Structure formats: structure tokens, C-alpha cells
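**Q** Fold the following.
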Amino acid sequence: MTIIVQHKKARTFIIFLLLVAGYSGIAMRIYYVAIRDGSTYAAMGQQQYYVTLTTYPPRAHIVDRHGQPLAINREGVSAFVTPATIHDRRALERFLQEHYPHAYTRLHNAHDHHSFFIQRMLTDEQYACIRNAASKDIHLVNEPGRYYPLPVSAPIVGITNSDGKGICGLELFFNEQLAGKPMVQHLWKDAHSGVYTLPHQLPEQGVTGTALVTSVDTVLQFLANEELLATMREYQAREGAVIIVDPATGEVLAMVSQPWCDPHDRVGLELEYMNNRIVHHQYELGSVIKVCSALAALEEGVVQPDELIDCQGVRTTYINGRKVNTAKKTEAGLIPFSRVIERSNNIGIAQVALRLGDQLYAHYQRMGFDRLTGIELPGERSGFINPPHTWSKQSVISLSYGYEIASTLAQLARFFCMIARDGHDLRLTLLKQPAAQQGERTYSHQSIDTMRTILENTTLHGTTYRARIKGYTIMSKSGTANMLVDGQYTPDKGTFTCAGIIQKGDYQRVMVVFIKEAVGQELFASVVAAPLFERIAQKILIHDKILI
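**A** Here you go, the predicted structure:
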């Protein structure tokens, strides 16, 4: 009997231990699930039953100063292929090789399971071409996208990616303003019915993007581009650019950069060509910089406009132990300093620059060649001026006529705006302005007035006489510069620039035209760039109805 009782007690104790162990395990599991890993399981539950719905508003438009669209939203058609399901590869390859060579190359490199776009946002002509081809291997799909009615404005406006986000130009710089703020809704899914329902909290309200009103005049943009292309074709030039500015407001009215890519041709799109040469590239510009060194000399009082400078009447001489060349057409003997600039004589300006010494560097800084213009484009370059502590005996001489200083065309345009504004600085802008800028005075009225007279005479009687327009005041200066190739300056590659002020009464416009690597024998900016300046200036005056 005693043994039976002991067995019952033992069995009861074992059952008790098992129950304790079981409940302990349950308690431990509850601890792990509810406390230690609670946040993880809650997140898993939310993933299954909690959904966040983000709805983006339509991207805001970009328009020119008159309200003409530069970037709008449009439902478009895109074309794509799926290499894994091609029916007639030979016919498809023939079509792509003829019409979309980039897609043809990509087809050969694509894996069988990949699909890719031939072209997004087809133009009407491209759509008709693909439809006429009637290829079963080219598929079409409707998708929302960005449309640019004036493709030549692409270096200013930029583009968006396939997700509608700006990736260059104004589209990138003002991406947040244009995109607005999306509406965010949080939905719960019923575990039994699978139906999503709104919780009690209100959705996060979205904000529609704000349209961007630019300073650009689409007509001037088109006209400037047509004239630039004509000059580039004539001289088989590699690159070219034009910037037109209203110096009263700092508004950029036109900004053309060639070559450029069609923003709708996403297959052949090269972002390098979407860069705007006027703000992204810096150049040694040659003799146009003589206006800067001359203004510095006049402001410091180291020379007077009527002071006679001995240019020695030769093409080559030695100054301060350094060899200095000037073009044959600029040869002169003993002439007034003002005539040195009008004739663009290197020997004359080099002698005057030596009187300035490292003050020349300080003046180039004062003129803004080492700082941004503030224009609303991402990636603007700040320019370069060789600082005095790295100078050689040649440096002051080179700096006087446009070497050892690399400027953007936007910086050069700002400098000429300062001359147009009687010495007051300003900020360039691509946004339409309600009023004129005031600006800080950086140079005296006397120095500016003298420089304006010199520039006017340079156009009437000097190296930029091809830029003159009868009945209007044109104050201009050209610059020819050899390019640096493998550490050596070569006469076979050069840049050709003409910058100036167009004036009639109170009306003013500043323009810089630029041609790179024109083809021809002994070319100068006075022949290549000055006539381009004149042709565009005439069209500006006609467009703005500034009559004699």
C-alpha cells in the first residue's frame, strides 16, 4: 500500500513538473513574441495588413517670360522590346539599325530575359514610323511623361528621369518646387474579407507644385540658335554658345549651347550634351579679357586713355625678358592707350599690365571671375585665376590678354553687364524679375565711361567693326585664344568670342557669342564671332521693336 501511494505521489509530481515546464515555455514564448521581438512581429503584421498609399500630384509646368510652355506634362507612348519573345529577329535588327542604332546595339548586349525601351515618349513621327513597320516584336505602352515643346531650350530647362524627378537644369534646381508634396494615405486590410479600409486619422495632405516662370524668351532662344548653327556649319565648328542678358534686371533672355541632345530621345541621350557650356565650362578667352585689364589699369590710374604706348610696330618682341606676340593685323607703333585696346595689341597691353603687378589679380577677383554668378543652374563653375604666389615672369603678361585666367561665358556676360550698368554689379538669373536690380558699385563712373567709349570705337574703327549696326550703339570686343592640348598651346585649335553691349537710348542688351574649334586658315574672332554677334543683335532689335 505504501509503495502504491509513493508511485501516485511521484506521478503527480512529474505531471506537476511537466505542467510547470509547459506553462513556463508558453510564458517564455509570450515574452519573446510580445516583449523582446514585439516590434519585429508588429512590423510583420503591418506589412501584411497595413498599406501606405502615396499619390504624387502632376509636376508643375515651366514657362517662358510670356507664358509659353517650356516643360509640360503629357501622356505619351513608349516603345519597348522583349528579347526573349522575338519572332523575327532579322527584321527587327534591320529596323533598329536604321532608325534606333542605340537600341540595335543594346539588343545585341541584352540578356534574353531583359526587356528594354527603344524610345520613351515617342514623337508623332516616331510613332507613325513604328506603326508603319508593323513589327510584332516592338510593343507600345502608354505612360505619363514630361514634354518639352522647345527642345533647343533643353540645356536650360533640363530633363526628368523616368520617375519624374529632375536630373539636370531647372528641372533639378527647382525639383521640390515643381514636384510639390505627395498625399500619403494609410490603409488597413481586414484579415477575413481582404478589403482595405481607411483608419480614423486623416491622410497627410499633398501640395501641388508651383509653376516656374523663367526669364527666357522662346523667340530669341530660337533665333539665336538658328544663327549659331549657321555659323557652326560655315566653319565646321565643334561647339558654340550664345547668352543674351537684360543688364537692368540680370534676366537671361536666351542661353543657347551647341551641340545638345533632344530631351525626348532618351535612348541616344548623352548627359554631357545636356550640360550648359555657358555655366559648366570655363575657357581661356584671349583678347576679350583686355577689356578687364584695361579697366583695372584705368581704375588704378596707372595709365590714361590718351597716353602714348610704344607698341614697337612689330609682331614679336621681348618684354620683361619674355617673348610677346601680337597678330599682324594689330601691329602698331606709338599709339594712345585707347587705340591699343581698339587694335587689340598684345605688346601694348602687356606693358601697361606690368605697372599693375599683382593688383591685376585683385581686380579680376573684383570683377567676379573667381566666383559664381548665382544663376539658377546646378553645377555652375566658378572660374580660375592663376594666383600671384604661383606666377612666373610670364604670368602678368599672359593675364593681360586672356591666358592663365579661365572664365565661364556667364561670368563674361556679368562683367559686360557691369559695364552697361555704369559699374554696378548684379546677379544673373533665369527667373522673370519684377523690377531692376540695384547692385553694388564696383568701379567708378569715370573708368567705366572711358571704357565704354573705347569699346564703342573698337566696334566703329577697330577689330570688331563687323559687329557694328548703323543707327545703334554697339560696344564690343572680340577674343581669339589658342587651346591647350597635351600641355602645349596649339594654333590648330582655338576659341572665338565676341562680347558686347547693344544700346539705343535707355534700351540695353548684353550678349556673348562663342565658337570653339572652327576650321579654316588664320581665323580670328573678328571674322568668325563678330559677324555672328551682329546678325543676332539685329534680330534682337527687330524682335524688341527698337527702331532707329
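
**Q** Next, count neighbours for the residue nearest to residue 529 when sequence neighbours are not counted.
**A** If you skip the residues right next to it in sequence, residue 529 has residue 498 as its closest partner in space, 3.8 Å away by Cβ to Cβ, 6 or more residues apart in numbering. For the C-beta atoms, the positions are set from N, CA and C on the backbone; glycine is no exception. The tally of other residues near residue 498 (other Cβ atoms under 10 Å) stands at 29.

**Q** I'd assumed residue 498 was in a strand, is it?
**A** Yes: using DSSP: H, G, I helix; E, B strand; the rest coil, the assignment for residue 498 is a strand.

**Q** right, and residue 280 touches residue 382 too?
**A** No: with contact defined as Cβ atoms under 8 Å, residue 280 does not reach residue 382; the gap is 11.4 Å.

**Q** residues in contact with the residue nearest to residue 529?
**A** By Cβ atoms under 8 Å, 6 or more residues apart in numbering, the contact set of residue 498 is 288, 464, 467, 476-479, 512-513, 525, 529-530, 532-533.

**Q** Residue 527 touches residue 467, doesn't it?
**A** No: between residue 527 and residue 467 there is no contact under Cβ under 8 Å: 11.2 Å.

**Q** what about those two, which has more around it?
**A** residue 467 (30 against 17).

**Q** Report pLDDT for the more buried one.
**A** We have a pLDDT of 97 for residue 467.

**Q** Ok, the one 3 residues further on next?
**A** For residue 470, the pLDDT comes out at 95.

**Q** where does it land in three-state SS?
**A** coil.

**Q** Now do stretch 477-491: everything it contacts.
**A** By Cβ under 8 Å, 6+ apart, the residues outside stretch 477-491 that reach it are 283-291, 327, 341, 344, 402-403, 455, 458, 463-464, 467, 493-500, 517, 523-526, 529-530.

**Q** Go through those residues and flag which are in strands.
**A** 493, 494, 495, 496, 497, 498, 499, 500 (DSSP state E).

**Q** can you pull the contacts of the fifth one?
**A** In this case it means residue 497. Contact partners of residue 497, counting by Cβ under 8 Å, 6+ apart, are 283, 285-286, 288, 409, 412, 478-481, 512-515, 525, 529.

**Q** closest to residue 97 among these?
**A** Here the nearest of the contacts of residue 497 to residue 97, counting by Cβ to Cβ, is residue 515; it sits at 34.0 Å.

**Q** Sticking with that closest one, tell me its helix or strand.
**A** In this assignment (DSSP states H and E), residue 515 forms part of strand 507-516.

**Q** Now that strand: buried residues?
**A** Neighbour counts over strand 507-516 (16 or more other Cβ atoms under 10 Å) mark 508, 509, 510, 511, 512, 513, 514, 515, 516 as buried.

**Q** Also stretch 171-186?
**A** 171, 172, 173, 174, 175, 178, 179, 180, 185.

**Q** And stretch 430-437, by the same measure?
**A** Residues of stretch 430-437 classed as buried by neighbour count (16+ other Cβ under 10 Å): 430, 431, 432, 437.

**Q** Dump these to a markdown table, plus secondary structure, distance to residue 336 and pLDDT.
**A** Formatted as a markdown table, those follow (DSSP: H, G, I helix; E, B strand; the rest coil; distance: Cβ to Cβ, whole Å; pLDDT from 0 to 100):
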| residue | secondary structure | distance to residue 336 | pLDDT |
| --- | --- | --- | --- |
| 430 | coil | 41 | 98 |
| 431 | strand | 43 | 97 |
| 432 | coil | 43 | 97 |
| 437 | coil | 35 | 92 |
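
**Q** For residue 371, which non-adjacent residue is spatially closest?
**A** Leaving aside its sequence neighbours, residue 371 sits nearest to residue 382 (Cβ to Cβ, 6+ apart; 5.7 Å).

**Q** Run a quick neighbour tally on the one you found.
**A** As a burial measure, residue 382 scores 14 neighbours (other Cβ under 10 Å).

**Q** can you pull the contacts of it?
**A** Here residue 382 is in contact with 370, 371, 372 (Cβ under 8 Å, 6+ apart).

**Q** How confident is the prediction for the last one, by pLDDT?
**A** The one in question is residue 372. The model's pLDDT for residue 372 equals 96.

**Q** now the strands for the stretch 1-150 of the chain?
**A** Taking DSSP state E, counting those that start in this stretch as the criterion, the stretch 1-150 of the chain contains strands spanning 50-55, 62-63, 69-81, 116-119, 139-147.

**Q** Name every strand pairing with the second one and say which way it goes.
**A** Its sheet considered, strand 62-63 pairs with strand 69-81 (antiparallel), strand 212-213 (parallel) by DSSP bridges.
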